[in-house]
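Trainee: model this:
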Amino acid sequence: MTHLMPPRVPRSVQLPPRQALHAGSTQVLVVGGGPAGIGAAIGAANAGAEVVLVERYGFLGGNATAALVMPLMSFHNEVKQAVVGDPSRLLPPDHGEGEPVVGGVLRTLLDRLVSAGAAIRPSLETGYTVPFDPELFKLVLYELLEVHEVRTLLHAFASGVVDLPDRARAVFETKSGPLVMDADVIVDCTGDGDIAAAAGASYEIGRPEDGWTQPMTLMFRMARFDQERFAAYARANPDQWKGVHGLWDLVRAATDAGELDLPREDMLFFATPNTGEVAVNSTRVTEVLGTSVWDLTRAEFTAHRQMAQIARFLKARVPGFTDSYVVQSGVQIGVRETRRIMGEYQLTGEDVLTARMFDDAIARGAYPVDIHNPSGRGTTLKRLPRGRSYDIPLRCLFPRDVDRVLVAGRCISGDHVAHSSYRVMPIAMATGQAAGVCAALAATQGKRPQDVPASVVQRELRAQGASLH
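Mentor: Here you go, the predicted structure:
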């Protein structure tokens, strides 16, 4: 069996006009229920707006639950140098002590996750990451939206947007047929900027020299992992394991024996809150675009074959994995980068690495520049100055020449280098909360989002516990 290839000669056909169910209207419509969407929905609700959230899958969480991207990466600046501890703990050893630069909805979510036994609080022991259980994560998000009276629709894929005289209308494909939802303001939290692009916003994809994006990764969880046996190996071979990645000699031997065929040179996996389990982040599919159905299909085939190779390799060659097995893989492959919507300001890699501050800041980040090679092996990692963080301006959330749509999450306006930092989930939730607040203020005051003063957005964000300079 093979995947379907794109037609050699593209040909468009006319579809007949169709009717859609009018599903209602709202002040703020959030499209996408991942971290950015959760931040946007709760931020808008707390700012006093009526909110509807629409999600394509049958559950919430986005990359955290659909693609099993875990743990939540560090959202702390590094005030003190990291102290390398037990190399076998399977959590990053290179994130030193620091202060959180993201609060608000993320803090609320973490409190609920920890209370539910679904996550471990960030600390020096966790490398300031947040290991979590993806199934409990879903349940906590349901409860969080219910508490904030956010009406939610699942199983609805956004396929377009229509500009009305005084509102915006989003189009969704569902098992009940097409439906539309009207809103004063739409917050695009699709990750790919689908709504903004459909509304006519300009965008960039990939690195400037060739347009290639960061590779895709199918995450998976392995159970019946013996951490003590693996720890003994890591301690006996300190040059072969660096906190969460390594096994270079074993990977090389398996590759030479024809057992592994991967565009990476090591294994990467993390502990989870569950005993005897690891989250494996070792598949890599390069030179594929997440906005192409043909590439996505090819990537799924390739990544699942890589997953099978990796599972066999771990069981056969790595101490601690003898009795392990794959218990779950992502509902879909994890996509790191697609469209970056062109906004009124484009955040740059220099802004990130120099910890630049802005008068209209609505979120902060301190995660390193982290670029997985778009066309092969290797990862570029560059850290911010010690104890510093960078600002994300409100202007990055405003698509150029589009009035009633805001963007949040990894599709905000930034270049390829800056994107590699702000794409992580805690920062996505922060930009989501800011977009939701701005959308709510615009809707309740009868303004365009661009006409809401940044100082007013900042005041509401601070009232909601967001972390700003």
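
Trainee: which parts of stretch 204-212 are buried?
Mentor: For stretch 204-212, the neighbour count (16 or more other CB atoms under 10 Å) marks 204, 205, 206, 207, 212 as buried. Just so you know, the C-beta spots here come from the backbone N, C-alpha and C atoms, and that holds for glycine as well.

Trainee: next step: the residues you listed restricted to strands.
Mentor: 204, 205 (DSSP state E).

Trainee: in the stretch 151-300 of the chain, which spans are helices?
Mentor: Assigned helices in the stretch 151-300 of the chain, in chain order: 194-198, 227-236, 248-256, 293-317 (criterion: DSSP state H, counting those that start in this stretch).

Trainee: how many other residues sit next to the closest residue in space to residue 86 that isn't next to it in sequence?
Mentor: Nearest non-adjacent residue to residue 86, counting by CB to CB, 6 or more residues apart in numbering: residue 231, 7.4 Å away. Look at residue 231: counted by other CB atoms under 10 Å, it has 18 neighbours.

Trainee: which residues sit in contact with residue 182?
Mentor: Residues near residue 182 by CB atoms under 8 Å, 6 or more residues apart in numbering: 22, 24, 25, 26, 29, 164, 167, 168, 169.

Trainee: which of those are buried?
Mentor: Among the contacts of residue 182, those classed as buried by 16+ other CB under 10 Å are 26, 29, 167, 168, 169.

Trainee: surely the third one and residue 25 touch.
Mentor: Which is residue 167. Yes. Applying CB atoms under 8 Å, one finds residue 167 in contact with residue 25, separated by 7.3 Å.

Trainee: overlap in contacts of the two?
Mentor: 182, 183.

Trainee: next, the buried residues of stretch 114-128.
Mentor: Within stretch 114-128, the residues that count as buried by 16+ other CB under 10 Å are 114, 118, 119, 120, 122, 124, 126, 127, 128.

Trainee: and stretch 130-141, by the same measure?
Mentor: For stretch 130-141, burial by neighbour count (16+ other CB under 10 Å) applies to 130, 131, 132, 133, 134, 136, 137, 138, 139, 140, 141.

Trainee: before we move on, what about stretch 343-362?
Mentor: 343-347, 349, 351-353, 355-356, 358, 360-362.

Trainee: what is the mean pLDDT for it?
Mentor: Averaging pLDDT along stretch 343-362 yields 98.

Trainee: quick one: contacts for residue 312?
Mentor: Residue 312 sits next to residue 259 when contact means CB under 8 Å, 6+ apart.

Trainee: check what pLDDT the closest residue to residue 320 other than its chain neighbours gets.
Mentor: Among residues not flanking residue 320 along the chain, residue 230 sits closest, at 3.1 Å (CB to CB, 6+ apart). At residue 230, the model reports a pLDDT of 96.

Trainee: with residue 377 instead?
Mentor: We have a pLDDT of 88 for residue 377.

Trainee: tell me the contacts of it?
Mentor: Residues in contact with residue 377, defined by CB under 8 Å, 6+ apart, are 263, 264, 265.

Trainee: name the nearest residue to the last one, ignoring sequence neighbours.
Mentor: When you say that, I think you mean residue 265. Leaving aside its sequence neighbours, residue 265 sits nearest to residue 377 (CB to CB, 6+ apart; 5.3 Å).

Trainee: what's the one you found sitting at in phi/psi?
Mentor: The phi and psi values for residue 377, taken as degrees, to the nearest 10, are phi -80, psi 160.

Trainee: and it, how far from residue 420?
Mentor: In this view, residue 377 and residue 420 are 17 Å apart by CB to CB, to the nearest Å.

Trainee: again, but for residue 14
Mentor: Per CB to CB, residue 14 is found 41 Å from residue 420.

Trainee: compare the two (neighbour count), which wins?
Mentor: Between residue 14 and residue 420, counting by other CB under 10 Å, residue 420 is the more crowded of the two (27 against 5).

Trainee: helix or strand: which one has that one?
Mentor: Here residue 420 sits within helix 416-422, counting by DSSP states H and E.

Trainee: kindly format the C-alpha coordinates of stretch 195-215 as CSV.
Mentor: Extracted C-alpha coordinates of stretch 195-215, given in CSV (Å, rounded to 0.1, in the frame of the first residue of the first chain):
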residue,chain,number,x,y,z
ILE,A,195,-8.6,31.5,9.1
ALA,A,196,-6.2,34.5,8.6
ALA,A,197,-5.0,33.1,5.3
ALA,A,198,-8.5,32.4,4.1
ALA,A,199,-9.4,36.0,5.0
GLY,A,200,-6.6,37.2,2.7
ALA,A,201,-3.7,37.8,5.1
SER,A,202,-0.2,37.5,3.7
TYR,A,203,2.2,35.0,5.2
GLU,A,204,5.6,33.4,5.0
ILE,A,205,6.5,29.7,5.3
GLY,A,206,9.9,28.2,6.2
ARG,A,207,13.4,29.6,6.2
PRO,A,208,14.2,32.4,3.8
GLU,A,209,16.8,30.5,1.7
ASP,A,210,14.6,27.6,0.5
GLY,A,211,11.2,27.8,2.2
TRP,A,212,11.7,24.5,4.1
THR,A,213,10.1,24.3,7.5
GLN,A,214,11.3,22.6,10.6
PRO,A,215,10.8,18.8,10.4
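
Trainee: how far away from the center of its chain is it?
Mentor: In terms of CA atoms, centre = their mean, to the nearest Å, the centre of stretch 195-215 is found 16 Å from the chain centre.

Trainee: and what of stretch 3-16?
Mentor: Computed by CA atoms, centre = their mean, the chain-centroid distance of stretch 3-16 equals 31 Å.

Trainee: coming back round to it: just give me the closest of the buried residues of stretch 204-212 to residue 427.
Mentor: residue 204 (18.9 Å; CB to CB).

Trainee: and the closest one, how far from residue 191?
Mentor: In this view, residue 204 and residue 191 are 15 Å apart by CB to CB.

Trainee: next, give phi and psi for the nearest residue to residue 139 once chain neighbours are set aside.
Mentor: The shortest distance from residue 139 to any non-neighbouring residue, by CB to CB, 6+ apart, is to residue 116 (7.2 Å). Main-chain dihedrals, residue 116, degrees, to the nearest 10: phi -90, psi 0.
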